[in-house]
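Chemist: Turn this into a structure:
(2 chains)
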Protein chains: 2
Amino acid sequence: MDLEQIYSHFNGSLEEVDRIVCERSSFHTDIIPLVTEYIVKSGGKRFRPLLTILSAELCNITNNRHLKLAAAVEFIHTATLLHDDVIDESMMRRNKPTANNVWGNKAVILVGDYLFSRSFQLMVEDKSLDVLRVLSTASSIISEGEVMQLDEIGNFDLSYDKYIKIISAKTAELFAASCEISPLTADNIDNKLVSVMREIGLYLGIAFQIMDDVIDYSPSPKKGKNQGDDFLEGKVTLPLILLRDKLETPAKTKLYQIFADLDFTKESFAYVYTLIEKYNILEKSVTYAEEYINKARQKLESFPDSYAKEAFEEIFKFSLERNF
Amino acid sequence: MDLEQIYSHFNGSLEEVDRIVCERSSFHTDIIPLVTEYIVKSGGKRFRPLLTILSAELCNITNNRHLKLAAAVEFIHTATLLHDDVIDESMMRRNKPTANNVWGNKAVILVGDYLFSRSFQLMVEDKSLDVLRVLSTASSIISEGEVMQLDEIGNFDLSYDKYIKIISAKTAELFAASCEISPLTADNIDNKLVSVMREIGLYLGIAFQIMDDVIDYSPSPKKGKNQGDDFLEGKVTLPLILLRDKLETPAKTKLYQIFADLDFTKESFAYVYTLIEKYNILEKSVTYAEEYINKARQKLESFPDSYAKEAFEEIFKFSLERNF
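Modeler: Predicted structure coming up:
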C-alpha cells in the first residue's frame, strides 16, 4: 500500500468532497468560484479531508455525514492558505502563481472570509453542536497560533516548548479536528474514541509541521519553495533551535549577531547551513518528528486490523519521508 | 428621548457586552487583546449590539442570552472593520489611526480571523442552531457583498438594483441578523416575529448605508473621513447613480469619460459636486433612505407601545439626520 493507492481507494469520497466545495461557492459573484476552483484544482493534497474520511472508516461511521464536514474542514484550510499567502506576500505556491498574485490581496482576503463563513454554514446544516464547537475552537486556535508565530519573528531565543505550542496551534489543531469530527457523527458518541482520534491527528500534525520545517532547510525543498525561506523571513523553527542549543562561542555569538542585525540574507543562510550540516541538525530534527509519530502509532494500536488502520500507518510512514 | 438617553438607558447591558468581548480576547498573545481593546475603546457606536438589546426588549425576551449573542455580533462587525481597513488601505478611522496603521496589515488580518472564530465559539456556547444559521449566513453574505462591491469599482453603469443588493449584503444583512437573533432566543420561537424583526433591521440597515453614502458627498463628512472618498476610490453609490440618470450630454459624456480614464481626482470630484448640488442630488438620495425607514416604521407599528418601540422610532429618526 502506498499513498497514491490510499487516495485512489477513497477517490469516490474525495470527489464528493470536491463537489460539495465547488457547489457551495458563490452564485452572486464571478470571482469567488474562480478562486475556489483555482485552489481546488491547484493540486493540493486534500490531506485534511482524507484524514476525516479515513477516521470515519476507522471508527466504522457509515452515515456519510462526515463528507460535508470534510468539505467544511477544506474550506477552513483554504481560507487559511489564502490569508497566509497575503500575509507572507507569497507569489508562488506549488509552482503556480498564488491567488493573491492573480486576483490581488483585496479580493483574496474577502474570498478567505467568505469560505470561512461557508464552512460554518455547512456545519450548521449538519446540526452537530459538538462539531461546531470543535471546529470553531480549532479556527480560533489556528489564528492565535499564526499571531504567536508573527510575534516571534526574529526571536532567536524562541524556546522549544513555545515552538511546539505554535506549530500545535497553527497546523496540528486542524489535523486533530479533522480526525476528531468523524467519531462525533456517530449515533452514540464514544467520548474516549473521540479523544483518541484527536490525539492521533494532533501528533501527526506536529510531526507533519516539524518535517515541513526540516524540508525548508533541505537543498531540495517543496515544489515552489526555496531552500531557507523560513530563515530568510526571520522565522525560528526546530532546526535553528537545535543548532542554537548545540553551538558554542564564537559561532553562537555570530548567530545572535545575525538576528540582532536582522541580517537574514542568503550569505547568512549559507553560513547557518554549513553549521546545520556539520552538526547533523536535520537528521536530529527528524528524530523529534519520529517521536510524535510514535505517539500517534501507540494510539492507533488499540484499533482492530482494518484497511483504514493500515492506511493510517502508511500515512505515518509517509509523513516522515516526504522527499527529504 | 434622544439617542444618548437610549444608550444610557441600556448602559448596563452594553457594558456587559463589552465585558464579554474583552474577556474573550486571547490569553496566549499580547496583540489580540490590545487590538480588541483599541477598537472597543475607539468610540464605535456599538450600534449593532444596541439593536440586539433593543430587539430583545421589544420582544419581551428576559433570559439575557442575547447579551452573549450581541457580543458575537460585535466580534463579526469588528472583524469586518479590521479587514475592510486593510483592504481600503485606510490610515484613519474616527480620527484615530486604524489598527492596520498601528500594528500592520499582517497582524490585523489574523486578529480579524481570530475574532471571527471567537464569535462562532460564543454562539456555540449559546447552543442555538437557529442563531448559528442566521449569523453564519449573514457572515457569508457580508463577504459576498464586499466582493461584489470590489468587482463594481469603476463601473459607472452600476444599476440602482445592484447597488441596493450590494448595500443590503455588505451592511444591512448584519443589522437584520442583529434584530433577528433576539426573538430566536425565546423559549417558544415565534417565526412571524422573527421575520418582522429581520425586516426592521434590514430596512434600517439599507437606510443607514444610503445615508452613509450621502454623507460621504457632503461638505462635512463623518469624523476621520474626507468629502468625496467614495468617488476618489471609483466607488459608485446612490448619489452618483441618481446624478447619472438625471444628466444629459455633454455633462453625461464627460462623466463617462472620467470613468473611462479612471480619472478619480479631486478636480473631477469638484466638477461632479457642482452637478450634485445643481440637481439637488443629496436631498433626492435622502428620500430613498426615507422610503426604507418608512418600511421599517410600518413593521414596527404592529407592536404595542413600549420604551423599546419608542427607542426604535428615535433610531429611525436619527438614522435620517446623522449630521448631514
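
Chemist: and A:S182, what is it in contact with?
Modeler: Counting by CB atoms under 8 Å, 6 or more residues apart in numbering or on different chains, A:S182 makes contact with A:T52, A:I53, A:S55, A:A56, A:L58, A:C59, A:I61, A:H66, A:L69, A:M197. In this view, the C-beta of every residue, glycine as well, is placed from N, C-alpha and C.

Chemist: Could you tell me how many residues sit around the fourth one?
Modeler: For A:A56, the count of nearby residues is 27 (other CB atoms under 10 Å in any protein chain shown).

Chemist: Need the pLDDT of it.
Modeler: With respect to pLDDT, A:A56 has a value of 98.

Chemist: got it, and the last one?
Modeler: Note on A:M197: pLDDT of 98.

Chemist: before we move on, which element is it in?
Modeler: With secondary structure defined by DSSP states H and E, A:M197 is part of helix A:191-217.

Chemist: Tell me which residues of stretch A:228-242 come out buried.
Modeler: Judged by neighbour count (16 or more other CB atoms under 10 Å in any protein chain shown), stretch A:228-242 contains these buried residues: A:228-231, A:234-242.

Chemist: Could you export those as JSON lines, including distance to B:E291?
Modeler: Listed next are these as JSON lines, based on distance: CB to CB, whole Å:
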{"residue": "A:G228", "distance to B:E291": "61"}
{"residue": "A:D229", "distance to B:E291": "56"}
{"residue": "A:D230", "distance to B:E291": "57"}
{"residue": "A:F231", "distance to B:E291": "61"}
{"residue": "A:G234", "distance to B:E291": "56"}
{"residue": "A:K235", "distance to B:E291": "55"}
{"residue": "A:V236", "distance to B:E291": "59"}
{"residue": "A:T237", "distance to B:E291": "59"}
{"residue": "A:L238", "distance to B:E291": "62"}
{"residue": "A:P239", "distance to B:E291": "65"}
{"residue": "A:L240", "distance to B:E291": "63"}
{"residue": "A:I241", "distance to B:E291": "64"}
{"residue": "A:L242", "distance to B:E291": "68"}
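
Chemist: which one among those residues gets closest to A:I39?
Modeler: Each of the buried residues of stretch A:228-242 was scored against A:I39 by CB to CB, and A:D229 proved nearest at 20.5 Å.

Chemist: What's the separation between A:L81 and A:S42?
Modeler: Distance from A:L81 to A:S42, counting by CB to CB, to the nearest Å: 10 Å.

Chemist: go on, A:S195?
Modeler: With CB to CB as the criterion, A:S195 and A:S42 are 34 Å apart.

Chemist: just the contacts of A:S182 now: which is nearest chain B?
Modeler: A:L69 (14.3 Å; CB to the nearest CB).

Chemist: Need the pLDDT of that closest one.
Modeler: Taking A:L69 on its own, its pLDDT is 97.

Chemist: residue contacts, it?
Modeler: A:T52, A:L122, A:M123, A:D126, A:V131, A:I181, A:S182, A:T185.

Chemist: Please indicate which of these are buried?
Modeler: In those, the ones that pass as buried (16+ other CB under 10 Å) are A:T52, A:L122, A:M123, A:D126, A:V131, A:I181, A:S182, A:T185.

Chemist: which bits of the stretch 51-200 of chain A sit near chain B?
Modeler: Applying the criterion CB under 8 Å from any CB of the partner chain, the portion of the stretch 51-200 of chain A that neighbours chain B consists of A:79-80, A:83, A:86-87, A:105-107, A:109-114, A:116-118, A:120-121, A:123-124, A:127, A:129, A:132-133, A:136-137, A:139-140, A:142-144, A:146-148, A:150-151, A:165, A:169.

Chemist: Give me the subset of those residues lying in helices.
Modeler: Filtering these for membership in helices, criterion DSSP state H, returns A:79-80, A:83, A:86-87, A:105-107, A:109-114, A:116-118, A:120-121, A:123-124, A:129, A:132-133, A:136-137, A:139-140, A:142-144, A:146-148, A:150-151, A:165.

Chemist: where does chain A have low pLDDT?
Modeler: Low-confidence segments of chain A (pLDDT under 70): A:43-44, A:221-224, A:323-324.

Chemist: Please, where are all the strands along it?
Modeler: Taking DSSP state E as the test, the strands found in chain A are A:92-93, A:96-97.

Chemist: Might one say that A:I281 is in contact with A:P239?
Modeler: Yes: with contact defined as CB atoms under 8 Å, A:I281 counts as touching A:P239 (5.0 Å).

Chemist: list residues touching both of these two?
Modeler: Shared between the contact lists of A:I281 and A:P239 (criterion: CB under 8 Å, 6+ apart) are residues A:Y217.
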